[in-house]
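Asker: build me a structure from this.
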Amino acid sequence: MGKLYFYYSAMNAGKTTTLLQASYNYKERGMDTLLFAPEVDKRSGKQGISSRIGLHSEATLFNNSFDFFSFVKQTKELKNDEKEKYNLRCVLVDEAHFLTKTQVAQLVCICKELSLAALCYGLRSDFLGESFEGSKYLLIYADEMIEIKTICHCGSKATMTMRIDADSGKPSRLGEQVEIGGNDRYTSVCMVHYMEVGTIQEYAKSVK
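Answerer: Next comes the predicted model:
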């Protein structure tokens, strides 16, 4: 029976590089994989999965209505008919915080009913310290959770994602939860430096 894994971190911790390395490891041992990436991330005409260090792989794009269980089940059955040695063992999801609750449940079914491993890589929280839907239910449903660590500019462990204003270059608390961007728009910081934007202090005062 397969397991659901959630690899989580703040921004720019190397999640995508780790995903691509995991897929490579499976394939090197004669096991096939299926890779998925969110349709919402279309930076530079992105059609697959690309890491910051230049690694790339083709991937199936998903949106909120995408049915992971049906797609994987049908692909597995079709490939088994076409290719005698097709050996699907793992599905990997990049930017898994964009998943819906239903899609996380579908991944659970892929693991338990199709006996495949599902490796999901995503952010633990957004720039306001709030949970993404996908991250929330991966934290609840995952069999195993693994932190991918990165560091703040001060050298401490970074646990939070900070959004940077495009004009001023300063920390920002404005905008929608989903705003695609890279190092020019986000940075990973420790809690001490995240508190500089005031989010934690304001919340603490509101509940006193």
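Asker: show me what the most centrally placed residue in the chain is bridged to.
Answerer: In the chain, the residue lying closest to the centroid (CA atoms, centre = their mean) is G122, at 2.3 Å. Note on G122: beta-bridge partners by DSSP bridges are Y8.
Asker: that one against V104, yeah?
Answerer: No: the pair G122 / V104 is not scored as a contact, 10.6 Å apart, by CB atoms under 8 Å. C-beta here means a position set from N, CA and C on the backbone, and glycine is covered the same way.
Asker: can you list residues touching both of the two?
Answerer: Common neighbours of G122 and V104 (criterion: CB atoms under 8 Å, 6 or more residues apart in numbering): 134, 138.
Asker: report pLDDT for E196.
Answerer: E196 carries a pLDDT score of 80 in this model.
Asker: start at 898 instead
Answerer: All right, first residue 898 from here; so that's E1093.
Asker: that one: what secondary structure?
Answerer: helix (DSSP: H, G, I helix; E, B strand; the rest coil).
Asker: give me the number of residues near it?
Answerer: 13 (other CB atoms under 10 Å).
Asker: which positions in the host helix or strand of Q1003 come out as buried?
Answerer: Element membership for Q1003, per DSSP states H and E: helix 998-1010. Neighbour-count burial for helix 998-1010 flags 1000-1001, 1003-1005, 1007-1008 (criterion: 16 or more other CB atoms under 10 Å).
Asker: which residues are in contact with stretch 919-930?
Answerer: Taking CB under 8 Å, 6+ apart as the rule, stretch 919-930 contacts 932, 954, 976, 983-989, 1016.
Asker: whichever of those end up buried, select them in ChimeraX.
Answerer: To isolate the buried members of these in ChimeraX, using 16+ other CB under 10 Å:
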select :932,954,985,986,987,988,989,1016
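Asker: picking that back up, what residues does the helix holding Q1003 touch?
Answerer: Residues contacting helix 998-1010 (CB under 8 Å, 6+ apart): 898-901, 959, 961, 963-966, 969-970, 988, 990, 996, 1013-1015, 1017, 1030-1031, 1033-1035, 1038, 1040.
Asker: in PyMOL, how would I select just the buried ones from the residues you listed?
Answerer: Entered in PyMOL, the line below selects the buried ones among the contacts of helix 998-1010, by 16+ other CB under 10 Å:
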select buried, resi 899+901+959+963+965+966+969+970+988+990+996+1013+1014+1015+1017+1030+1031+1033+1034+1035
